[in-house]
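Colleague: Sequence plus predicted model, see below.
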Amino acid sequence: MAHGRRSDAPGRKTIFDPDASTHTALFVHTAALQAYHYPPDCPFKTERAQRTVELLQSMGLLDDADMVSAEAAPRDVIERFHLPAYLDMLRDAPNGDMGVEGLEMGLGTPETPVFGGMYEYAALACGATLAAVDAVTDGRARRTFNPSGGYHHAHPAKAGGFCYINDIALACDRLTEAGRRVLFLDIDVHHCDGVQDAFYDRSDVLVMSFHQTGKTLFPGTGFAGETGVGDGEGYTVNVPLPPGTYDEAYLRAFRALAPPIARAYDPDVIVFEVGMDCLSGDPLAGMTLTNNAYVDVVREVLGWGKPVAATGGGGYHQANTARGWALLWAELAERDTGESLAYGLGGVMLESTDWHGGLRDRAMAPSHPMRQAVDRVIRQTVDDVKANVFPVHGL
Ligand SMILES: [Zn+2]
């Protein structure tokens, strides 16, 4: 089926000469992001980004020359996705001007609390993701990483799941406006409902998400049968995975589905949300990955040879999240972390606080019954996804 396949469409820009990029990778971060904090009892910690920076710097894996700053996304840019009344509410709610309208916009819940500077923080984090995308499209870097990005649950007039301004939707929009074909790949443990809805009827942004099934986790969406509508039919790919999904099983599902679809779709650029909440020990989710699986996934994605703008996302065990993002950066920037040695010696314990120099988790072995139960579900899911979307892509 030629529907939506890459073609030399008029106006389509050929870009991204990898050899012309100044940097292999750039890390987008600004100290200004550290001025904002969700309420203390909220599991979402803005300081994960700074923690990742400090961990990388302590290992000599991140220099000033690797880093770019960012400005807050301007209001008119944010309005390309969000409604003005909602943005007014985000700005004014911390001053006590919320009312029923604010509740209807999803504000004031434990997952989307009202806090001072929430609009400013969300706009700045969004600006960082746009800067990450811009650095890739203007050829400054082949790959970028904004750990403070990935607010995939925000809707045009509704906050959700710690997300207020949908930087991913805005980043994909910016890319398509410039004629780029986008693959949004999301490996956060939660389904990207806000991004899916934004591009559900379009074929120029393929949204592919691997996540814990909505049967057991927020936001309760992202089932294999959600595949897009109209021109977008087959351009939404959901891979819901059972709680207890472990490294090998995850990688089996990922490798069966992501590479063929990505290669057939042939995007100009990949926007890549790398939430670290699939890690074992995450307090909000039930998957049991180690960060070794993340490294394998990242290597697979980089092997597709496309420019990548990566963001953070969830990740509610702070130390594990920072180590995972440090590994991600090392892969993007092709830096040697010395992990081959540390890992060969057994790595470190997941959730360990007595970390002594390795970023990798120790491999984990699930019980036989758990393995069987997970494998059975995943086999069926992979078959369902293939049946639903492979034909659209000529597979
Ligand atoms: Zn998440």
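Modeller: Cool, got the structure.

Colleague: and R80, how many neighbours?
Modeller: 13 (other Cβ atoms under 10 Å). Using the backbone N, CA and C atoms, a C-beta is placed for each residue, glycine as well.

Colleague: Low-confidence stretches in the stretch 251-395 of the chain?
Modeller: Along the stretch 251-395 of the chain, the model assigns pLDDT under 70 to residues 339-357.

Colleague: Around the ion, which positions in it sit nearby?
Modeller: G275, D277, G314 (Cβ under 5 Å from the ion).

Colleague: Can you turn the buried part of those residues into a ChimeraX selection?
Modeller: The ChimeraX selection below is limited to those of those classed as buried (16 or more other Cβ atoms under 10 Å):
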select :275,277,314
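
Colleague: can I get the residues of the stretch 251-395 of the chain next to the ion in CSV with distance to A198?
Modeller: Formatted as CSV, these follow (distance: Cβ to Cβ, whole Å):
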residue, distance to A198
G275, 18
D277, 21
G314, 19
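
Colleague: now the residues of the stretch 251-395 of the chain next to the ion in CSV, with distance to T288 and secondary structure?
Modeller: CSV is the format used below for these (distance: Cβ to Cβ, whole Å; DSSP: H, G, I helix; E, B strand; the rest coil):
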residue, distance to T288, secondary structure
G275, 15, coil
D277, 12, coil
G314, 15, coil
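
Colleague: Which member of the residues of the stretch 251-395 of the chain next to the ion is positioned nearest the ion?
Modeller: Relative to the ion, the closest of these is G314; by Cβ to the ion it sits at 2.5 Å.

Colleague: Need the phi and psi values for that closest one.
Modeller: phi -70, psi -180 (degrees, to the nearest 10).

Colleague: Just to check, it is in contact with H190?
Modeller: Yes. The criterion here is Cβ atoms under 8 Å, and G314 meets it with H190 at 6.1 Å.

Colleague: overlap in contacts of the two?
Modeller: Listed as contacting both G314 and H190 by Cβ atoms under 8 Å, 6 or more residues apart in numbering are G275, D277, A285.

Colleague: residue ranges for the helices of this structure, please.
Modeller: Applying DSSP state H to the chain gives helices spanning 48-58, 75-78, 84-92, 99-104, 118-137, 167-177, 193-198, 247-265, 291-302, 318-333, 339-344, 368-389.

Colleague: which stretch among those comes nearest A32?
Modeller: Using Cβ to Cβ as the measure, helix 118-137 is the one of the helices of the chain that comes nearest A32, at 6.1 Å.

Colleague: Select the longest strand from the chain.
Modeller: Secondary structure of the chain read by DSSP state E shows that its longest strand is strand 205-212.

Colleague: Check which helices and strands it is in contact with.
Modeller: On a contact count with 3 or more Cβ pairs under 8 Å, 6 or more residues apart in numbering; DSSP states H and E, strand 205-212 meets strand 182-186, helix 193-198, strand 236-241, helix 247-265.

Colleague: Including mean neighbour count, could these go into TSV?
Modeller: Shown next, in TSV, are the helices and strands packed on strand 205-212 (neighbours: other Cβ atoms under 10 Å):
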stretch	mean neighbour count
strand 182-186	27
helix 193-198	23
strand 236-241	26
helix 247-265	19
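
Colleague: mind checking which of the helices of the chain is nearest V28?
Modeller: Closest to V28 of those, according to Cβ to Cβ: helix 118-137, at 4.7 Å.

Colleague: my guess is D201 meets G228, correct?
Modeller: Yes. With contact defined as Cβ under 8 Å, D201 reaches G228; the gap is 6.8 Å.
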